[in-house]
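A.B. asks: any chance you could fold what I've pasted below:
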Amino acid sequence: MSETCVFCKIVEGKIPSTRVMETETVLAFMDIGPIVKGHVLVIPKSHVESLGELPEALLADVMLAVQQIARSQVAGLAADGVNIHQANGAAAGQVVPHLHFHVIPRFNTDGHRWNWKSQSYANASEAEALAARLRSV
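C.D. replies: Predicted coordinates:
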């Protein structure tokens with residue numbers, strides 16, 4: 001646990017939260033600033049800052065919880081769909097440096113729109129060069 005991490009304090013019960021699901025290794029709780037009502041955060045209970053640092057065995061636990069919450073949002077809230085969002089590092093928009101997945105129920109009438117502006121590659125060679133760099137590590 002990190003003494004300064006807000007999510008670690010939630011795990012320890014030092015900060016109140018509305019818990020949705022809890023296992024020995026994972027906690028899911030309602031986001032206090034939901035994008036859409038019913039928005040849940042899923043975190044490992046142990047302090048891990050990014051996806052790359054998460055042990056594989058714990059990754060399986062976290063992703064099973066994400067799946068269960070998504071299914072619950074569809075079945076329990078009659079959501080028309082679900083968005084799952086996860087950011088690593090400040091440049092990606094991660095505000096709390098504790099790994100977390102946003103599981104957001106979506107409704108045809110929720111009015112939320114992502115501000116997503118897609119780009120394109122200059123050509124197929126540019127995409128292939130980037131793919132080769134990814135494959136090399």
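
A.B. asks: what segments of this structure are strands?
C.D. replies: For the chain, the strands defined by DSSP state E occupy 19-22, 26-30, 40-44, 81-85, 101-106.

A.B. asks: how about those strands in a markdown table, adding mean neighbour count?
C.D. replies: Every C-beta, even on glycine, is put in place using the N, C-alpha and C of the backbone. Shown next, in a markdown table, are the strands of the chain (neighbours: other CB atoms under 10 Å):
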| stretch | mean neighbour count |
| --- | --- |
| strand 19-22 | 15 |
| strand 26-30 | 20 |
| strand 40-44 | 24 |
| strand 81-85 | 15 |
| strand 101-106 | 22 |
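
A.B. asks: quick one, which of these gets closest to Tyr121.
C.D. replies: Nearest to Tyr121 among the strands of the chain is strand 81-85; the distance by CB to CB comes to 23.9 Å.

A.B. asks: Leu77: what's it in contact with?
C.D. replies: Going by CB atoms under 8 Å, 6 or more residues apart in numbering, Leu77 touches 38, 105.
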